[in-house]
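> Provided below are the primary sequence and the corresponding predicted coordinates.
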Amino acid sequence: MEHEFTPVILRILQEDFKKHAEEVYKLSLFIQYLNIKMRSATLGSKARSSFGNIYAAYVLVEDYIKKEYHQRGEYSKYEGARFSDLFQRQRQLPFGAKLQNHHLNHRLNEEFHKYFPTCDFTPIMREVSTKRYWINENLLKIRIGSKTTNIAPTILRIVEAYIGVKKNAFEQFLQDCEGMLGIEQADPEQVREFVVGRLQPNVDARVFEIVSYAILKEFYGTKMVFWGWSLDAIKHEGLVLYKTGRTNANDGGIDFVMRPLGRFFQVTETIDARKYFLDIDKTQRFPLTFVVKSDDSTETIRAKVEAQARRVYSIDRIVERYMACIEEIINIPRLLECFSEILKRKALAPVIKEIVLQSKVEFNYLEE
């Protein structure tokens, strides 16, 4: 696979291995795997970033180098890196503050073997009882002629180059957002195009969720409900949408919560009945509104989910009970309708400000 970041990888290999650069690339499945994972590097905010598996590999290779096993050997006698140290280290890396343990425990290994099913080597080895971890040294040693070369330092350089590119892309995204604030009165059409460009099926899932939240928060913020504990104590209150956590977080399937109605919202990229029903189960079958990153009509999405459900579950009562828990489906066209209403009210600034704020929180920009 070749993409726009591949030349960066090849340049690093050229600097480290000179005339043997291409040979090292062909022989190293580890570097080929990184190349696959880094295809989003130059695609800015419209592409999903792959940090979890990359960072799992990075922290173990970093530990390997810090203890100088790439120079002195004897890694087979190493007692292994402690999980707590590796976990803490990956969360110190840019964009890594909310990473979970899945990548260290199994996701990297599973995905590596998906791409290289005939490879005998598993990237990460661990001893569950002691919570000790090792990188598979076989993937770090490349034999060129009669000489064995250790590529561990090169692995770190490649990952650090990827981090640098992604940081620059995100900082440019923030600058673009903040730039929109300065022209939202003078050139609202440019601001509209900027926001609409972040509501596309190919946009990074985190950016889509942030922009969806900013639009829905402003859209619902003008709606009022009337309620009270008795007829003579009715009061009115505006709807407020709260973002409850980070994207991809293990938060029980609740991305947004609306007060005072108590509506739950879940943002998703897929039209997968099992995924929808799992989210419904997590909230004990509390009705959910799904915000779907799709241009399909809401009727089409609902029909696809139901068709999948009937194929998988087959029992009508079960399917109907789950389908009744899908309170509403909000697709990309519906988000654009909400955004059009916001434009009519000339309320662009709050949307852009919310996108900037939530982006900084999501990508750990404020914390850094």
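Structure's in. What do you need? The model shown is predicted, which means the values in this text are computed figures rather than measured ones.
> Check what pLDDT residue 301 gets.
Predicted confidence (pLDDT) for residue 301: 96.
> Now do the same contact list for it.
For residue 301, the contact set (Cβ atoms under 8 Å, 6 or more residues apart in numbering) comprises 271, 292, 294, 329, 331. C-beta: built from backbone N, CA, C; applies to glycine.
> what residue ranges in this protein score low on pLDDT?
40-49, 184-185, 245-253, 363-368 (pLDDT under 70).
> domain assignment for it?
Domain ranges of the chain: 6-165, 185-362, per automatic domain parsing.
> how about the helices in the stretch 201-350 of the chain?
Under the criterion DSSP state H, counting those that start in this stretch, the stretch 201-350 of the chain carries helices at the ranges 205-220, 273-282, 298-313, 316-323, 332-344, 348-362.
> Out of those helices, which one sits most buried?
Neighbour counts (mean count of other Cβ atoms under 10 Å) averaged over each of the helices of the stretch 201-350 of the chain peak at helix 205-220, with a mean of 23.
> what's in contact with that helix?
Where contact means Cβ under 8 Å, 6+ apart, the residues beyond helix 205-220 that reach it are 45-46, 48, 173, 195, 198-199, 203, 239-241, 243, 247-248, 255-256, 258, 265, 267, 269, 291, 293, 330, 335, 338-339, 341-342, 347, 350-352, 354-355, 358-359, 362-363.
> For the domains of the chain, could you give me JSON lines that also reports distance to residue 179?
Below are the domains of the chain laid out as JSON lines (distance: least, Cβ to Cβ, whole Å):
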{"stretch": "domain 6-165", "distance to residue 179": "14"}
{"stretch": "domain 185-362", "distance to residue 179": "9"}
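> coming back round to it: for my notes, please list the helices of the stretch 201-350 of the chain in CSV and give distance to residue 127 for each entry.
Shown next, in CSV, are these (distance: least, Cβ to Cβ, whole Å):
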stretch, distance to residue 127
helix 205-220, 34
helix 273-282, 31
helix 298-313, 37
helix 316-323, 41
helix 332-344, 47
helix 348-362, 34
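> To residue 105, which of the ones you listed lies closest?
Residue 105 lies closest to helix 273-282 among the helices of the stretch 201-350 of the chain, at 20.1 Å (Cβ to Cβ).
> Specify the angle between the closest one and helix 298-313 in degrees.
With axes from the mean of the first three to the mean of the last three Cα atoms, to 10 degrees as the basis, helix 273-282 and helix 298-313 are set at 90 degrees to each other.
> For helix 273-282, which outside residues touch it?
Helix 273-282 is touched from outside by 252-253, 266, 268, 286, 288, 290, 305-306, 308-309, 312, 322, 325-326, with contacts defined as Cβ under 8 Å, 6+ apart.
> Relative to residue 158, which of those residues is nearest.
The closest of these, once distances to residue 158 are taken by Cβ to Cβ, is residue 268, at 32.0 Å.
> how about the top helix by length along the chain: buried residues?
Using DSSP state H, we find that the single longest helix of the chain is helix 152-183. Neighbour counts over helix 152-183 (16 or more other Cβ atoms under 10 Å) mark 152, 154-159, 161-163, 165-166, 169-170, 173-174, 177, 180 as buried.
> top of the contacts of residue 301 by neighbour count?
Greatest neighbour count in those, by other Cβ atoms under 10 Å, goes to residue 292: 25 neighbours.
> who's that residue bridged to?
Here residue 292 sits in beta bridges with residue 268, going by DSSP bridges.
> my read: it touches residue 329, true?
Yes - using Cβ atoms under 8 Å, residue 292 is in contact with residue 329, at 6.0 Å.
> Now for the closest residue to residue 29 other than its chain neighbours, how many residues are close by?
Distance criterion Cβ to Cβ, 6 or more residues apart in numbering; nearest residue to residue 29, sequence neighbours excluded, is residue 116 at 5.1 Å. Neighbours of residue 116 under the rule other Cβ under 10 Å: 17.
> pretty sure residue 116 is in contact with residue 31, am I right?
No - here residue 116 does not reach residue 31: they are 11.8 Å apart, not a contact under Cβ under 8 Å.
> any shared contact partners between the two?
With Cβ under 8 Å, 6+ apart, residue 116 and residue 31 have no common neighbours.
> Counting by contacts, list what the host helix or strand of residue 25 packs against.
According to DSSP states H and E, residue 25 maps onto helix 21-27. Using 3 or more Cβ pairs under 8 Å, 6 or more residues apart in numbering; DSSP states H and E as the contact test, the elements touching helix 21-27 are helix 6-17, helix 29-37, strand 141-144.
> how about the nearest residue to residue 354, chain neighbours excluded?
Excluding the flanking residues, the one nearest residue 354 by Cβ to Cβ, 6+ apart is residue 214, at 3.8 Å.
> What distance do you get for that neighbour to residue 336?
Computed as Cβ to Cβ, to the nearest Å, the residue 214 to residue 336 distance reads 13 Å.
> Which positions in the next helix or strand after the longest helix of the chain come out as buried?
Of the helices and strands lying after helix 152-183 in sequence (DSSP H and E), the nearest is helix 188-196. Residues of helix 188-196 classed as buried by neighbour count (16+ other Cβ under 10 Å): 191-192, 194-195.
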